[in-house]
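The following comprises the amino acid sequence and a computationally predicted model.
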Number of protein chains: 2
Amino acid sequence: MTRLTLAIDAMGGDFGPCVTVPAALQALALHSQLQLLLIGDPAAITPLLAKADSAVKGRLQVIPAESVIASDAKPSQAIRHSRGSSMRIALEMVKEGKAQACVSAGNTGALMGLAKLLLKPLDGIERPALMTVLPHQQRGNTVVLDLGANVESDSAMLVQFAIMGAVMAEEVLAIEQPRVALLNIGHEETKGLHSIREAAEQLRASPQINYIGYLEGNDLLTGKADVLVCDGFVGNVTLKTLEGVVRMFLSLLKSSGEGKKRAWWMKLLGRWIKRRLAKRFGHLNPDQYNGACLLGLRGTVIKSHGAANQRAFAAAIEQAEQAVRRQVPERIAARLEAVLARSD
Amino acid sequence: MTRLTLAIDAMGGDFGPCVTVPAALQALALHSQLQLLLIGDPAAITPLLAKADSAVKGRLQVIPAESVIASDAKPSQAIRHSRGSSMRIALEMVKEGKAQACVSAGNTGALMGLAKLLLKPLDGIERPALMTVLPHQQRGNTVVLDLGANVESDSAMLVQFAIMGAVMAEEVLAIEQPRVALLNIGHEETKGLHSIREAAEQLRASPQINYIGYLEGNDLLTGKADVLVCDGFVGNVTLKTLEGVVRMFLSLLKSSGEGKKRAWWMKLLGRWIKRRLAKRFGHLNPDQYNGACLLGLRGTVIKSHGAANQRAFAAAIEQAEQAVRRQVPERIAARLEAVLARSD
């Protein structure tokens, strides 16, 4: 494996360096070929590096940034005043070839806008989309997009999301002829928003896409589709709903029955059974698949949850590493070229 | 308790009379003051009544209907050709005062359109909304609307949904000054769709509503709000996502570890612990809260899931009974009048 450098926006997210720095150290310890650029306020970052192993510290560089884009800032304004911010410098590192990908838990709208501005969309893509790979009930995976890069999407955008999602499923998950579905409020052709019905018509007419029709919210985890396409508002709410329910179940599973008076052997056995159940559901734990990939750009950008903990942010760094190794932007670009040439 | 008559669209839903008739018999056996009008094809309904108790059969009347509105029919066309259909006759029973409420598992768009046409919206309401009461983590309830009566909603509609939801929470769930939130993709004021931001501004300015701001998908079950307002598309996808995940957990809980070779006492104990866990999560089982109430009409209409099983359809009948007993439409009308008078 060759060396690989990632730029980390150390200031982004609800907890900033308190989460991003330990997660970065964790990723470095795990991957010996990884180098990280930590971008942010050195006064906030350096103290958190004190106890780190020197071998790990050797592959880490702190790059100062003067400012942070607030998570509640209006994207348009944030972008106008972004010069010198940790998020912008992280993206500039990718643009200048000093890093192969960038990870940020900061303001989604600003990240989307800045990434588009600095890294430019691929030919044939109007707007990038946030994509994640969700584990489903059949122990496979579903590519889901857009998760909130765009608040509203017209039919042309939905079709582009479908193409990018299909390429992801084919090239990265190695699924042949991935089944592509649109998320809607019913299976029937007449259902839903105009933009979705129009996108369905275009996808049905496109021989490059294995379009299978509409799916509903309850099919998110059933594995009926390899690629599930929706607009960014719906995708964001849906994914967060899913995460909320899964987290609630996992926490109930952990806590149920604790504190009650029972024989020691019953407590032990109960704990053992619950641990096995938690393991069985564990692959659905949102922390394990944190990190959405901003698809459709000439570079790799991973958006972490703002509320990510150390484990979750480390998973986002891992995603960035995987995306670079699997050459996601290059593969999407090549496939888009082929699809667009055929449809001309 | 006084006598109460409900009109049941016996032909609606994925399974028609096979589900609606046994559910109707179940409801009649449970509530001795209940009378049901089963509307549909007598040839399909009557055989299913053969084994019913005569005391129960005495409170049941089959009312013939010539046709059924298909679940995949385009609502506008379905409404034009609705005369003589089981759904329309069920609504006419309410209009004519022969029944106090109607329950249908049929085509949502057609039910919404026909109900609006026959029963008329309350003063101050543009479009009715589908509402359900979701159990949350704190063992309380959250009123959620719209769940799909309207595919798109402008800010005025969202504000009306908020008022109706607040009345529901106050009058029916007995929550004083219910906390009202809008479902959005972030907590920050600048986030989300234009219609949502505009509705937020209006709600913030309205002293009759205890508006607390935006909540995200992961807050659906946390109990942070008593009323959660969204447009019908988002509400439908969100609720179905939630139901899908809960069903998956409950089924995994049931099946996990089955079939493996283990000592009999371990199997027994394992089953006992899993049963206790299933009970703990049981209040979240979608079948127990099936049935969304179409709010904003001069009459009570309950929409059951199309895929409802007998237990779930019986829960929808139960909901209709409760809504009538609690005089939901009358209370909403009275409160709307007060709110609208104050805001004039």
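Okay, I see it.

contacting residues for the most centrally placed residue in chain A?
For chain A, the residue nearest the mean C-alpha position is A:Ala292 (0.8 Å; CA atoms, centre = their mean). Neighbour list for A:Ala292: A:130-132, A:147, A:302-303 [criterion: CB atoms under 8 Å, 6 or more residues apart in numbering or on different chains]. All C-beta atoms are positioned from the backbone trio N, CA, C, and that covers glycine.

If you rank the residues you listed by neighbours, which is first?
Neighbour counts for those, by other CB atoms under 10 Å in any protein chain shown, peak at A:Lys303, which reaches 30 neighbours.

That one reaches A:Leu295, doesn't it?
No - the pair A:Lys303 and A:Leu295 does not pass the contact test of CB atoms under 8 Å, sitting 11.0 Å apart.

got any residues that touch both of these two?
Common neighbours of A:Lys303 and A:Leu295, using CB under 8 Å, 6+ apart, are A:Leu130.

hang on, the earlier thing: mind picking the two most distant members of the contacts of A:Ala292?
For those, the farthest-apart pair by CB to CB is A:Leu147 and A:Ile302; their separation is 12.2 Å.

Can you show me the CA trace of stretch A:165-180 as PDB?
C-alpha atoms of stretch A:165-180 as PDB (Å, rounded to 0.1, in the frame of the first residue of the first chain):
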ATOM      1  CA  GLY A 165     -25.200   5.900  -7.000                       C
ATOM      2  CA  ALA A 166     -25.200   3.100  -9.600                       C
ATOM      3  CA  VAL A 167     -21.500   3.700 -10.300                       C
ATOM      4  CA  MET A 168     -20.700   3.600  -6.600                       C
ATOM      5  CA  ALA A 169     -22.600   0.300  -6.200                       C
ATOM      6  CA  GLU A 170     -21.000  -1.300  -9.300                       C
ATOM      7  CA  GLU A 171     -17.400  -0.100  -8.900                       C
ATOM      8  CA  VAL A 172     -17.000   0.100  -5.200                       C
ATOM      9  CA  LEU A 173     -19.500  -2.500  -3.800                       C
ATOM     10  CA  ALA A 174     -18.900  -4.800  -6.800                       C
ATOM     11  CA  ILE A 175     -22.600  -5.200  -7.500                       C
ATOM     12  CA  GLU A 176     -23.400  -6.100 -11.100                       C
ATOM     13  CA  GLN A 177     -26.300  -4.200 -12.600                       C
ATOM     14  CA  PRO A 178     -27.200  -2.600  -9.300                       C
ATOM     15  CA  ARG A 179     -31.000  -2.200  -8.800                       C
ATOM     16  CA  VAL A 180     -31.800   1.500  -8.600                       C
END
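
thinking again about what came up before, can you put the contacts of A:Ala292 in a markdown table and add pLDDT?
Compiled in a markdown table, the contacts of A:Ala292 are given as follows (pLDDT from 0 to 100):
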| residue | pLDDT |
| --- | --- |
| A:Leu130 | 94 |
| A:Met131 | 94 |
| A:Thr132 | 91 |
| A:Leu147 | 93 |
| A:Ile302 | 96 |
| A:Lys303 | 95 |
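
ok, those vs A:Leu6, which is closest?
Nearest member of the contacts of A:Ala292 to A:Leu6, counting by CB to CB, is A:Ile302, at 8.7 Å.

if I've got this straight, that closest one is in a strand?
Yes - assessed by DSSP: H, G, I helix; E, B strand; the rest coil, A:Ile302 belongs to a strand.

burial measure for the closest residue to A:Asp231 other than its chain neighbours, as a count.
The shortest distance from A:Asp231 to any non-neighbouring residue, by CB to CB, 6 or more residues apart in numbering or on different chains, is to A:Ser153 (3.9 Å). By the criterion of other CB under 10 Å, A:Ser153 has 27 neighbours.

How much space separates A:Ser153 from chain B?
Per CB to the nearest CB, to the nearest Å, A:Ser153 is found 12 Å from chain B.

That residue against A:Val229, yeah?
No - using CB under 8 Å, A:Ser153 is not in contact with A:Val229, being 9.1 Å away.

between these two, what contacts are shared?
The contact sets of A:Ser153 and A:Val229 overlap at A:146, A:161 (CB under 8 Å, 6+ apart).

List the buried residues for stretch A:299-314?
With burial defined by 16 or more other CB atoms under 10 Å in any protein chain shown, the residues of stretch A:299-314 counted as buried are A:299-310, A:312-314.

Any part of that stretch near chain B?
No - shown here: stretch A:299-314 not in contact with chain B (CB under 8 Å from any CB of the partner chain), separated by at least 8.7 Å.

and that stretch, how far apart are its ends?
End-to-end distance of stretch A:299-314 (CA to CA, to the nearest Å): 20 Å.

nearest to A:Leu122, of the contacts of A:Ala292?
A:Met131 (13.7 Å).

what does the strand or helix carrying that closest one rub up against?
Using DSSP states H and E, A:Met131 falls within strand A:129-135. With contacts defined as CB under 8 Å, 6+ apart, strand A:129-135 is touched by A:108, A:112, A:141-150, A:157, A:160-161, A:164-165, A:168, A:172-173, A:220-221, A:232, A:235, A:239, A:242, A:283-284, A:288-289, A:291-296, A:303.

what's the next secondary structure element after that strand?
Following strand A:129-135 toward the C-terminus (DSSP H and E): strand A:141-145.

who does that next one touch, helix- and strand-wise?
strand A:129-135, helix A:155-167, strand A:227-229, helix A:232-255 (3 or more CB pairs under 8 Å, 6 or more residues apart in numbering or on different chains; DSSP states H and E).

mind listing what's buried in the longest one?
This points to helix A:232-255. Applying 16+ other CB under 10 Å to helix A:232-255 flags A:232-250, A:252-253 as buried.

List, out of those, those positioned next to chain B.
Answer for the buried residues of helix A:232-255 near chain B (CB under 8 Å from any CB): A:232-234, A:236-249, A:252-253.

same question for the strand or helix carrying A:Ile196, mean pLDDT?
According to DSSP H and E, A:Ile196 maps onto helix A:194-204. The average pLDDT for helix A:194-204 rounds to 94.

Please name every helix or strand in contact with it.
If you count contacts as 3+ CB pairs under 8 Å, 6+ apart, helix A:194-204 packs onto helix A:155-167, strand A:179-183, strand A:210-215.

Please convert these to CSV, extending it with distance to A:Val56 and mean neighbour count.
Formatted as CSV, those follow (distance: least, CB to CB, whole Å; neighbours: other CB atoms under 10 Å in any protein chain shown):
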stretch, distance to A:Val56, mean neighbour count
helix A:155-167, 35, 25
strand A:179-183, 42, 25
strand A:210-215, 44, 20
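
tell me the mean pLDDT for stretch A:95-114?
Across stretch A:95-114, pLDDT averages out at 95.

Tell me the buried residues in that stretch?
The neighbour-count check on stretch A:95-114 (16+ other CB under 10 Å) flags A:95, A:99-114 as buried.

Of those residues, which belong to strands?
Counting by DSSP state E, these place A:101-104 in strands.

Widest-spaced pair of those residues?
Those two in these that are separated most widely, counting by CB to CB, are A:Ala101 and A:Ser104, at 10.7 Å.

Tell me the residues that contact both of the two, please.
By CB under 8 Å, 6+ apart, A:Ala101 and A:Ser104 have these common neighbours: A:301-302.

re the thing from before, mind checking the helices and strands packed on strand A:141-145 for the one nearest to B:Thr2?
Nearest to B:Thr2, of the helices and strands packed on strand A:141-145 and by CB to CB, is helix A:232-255 at 39.8 Å.
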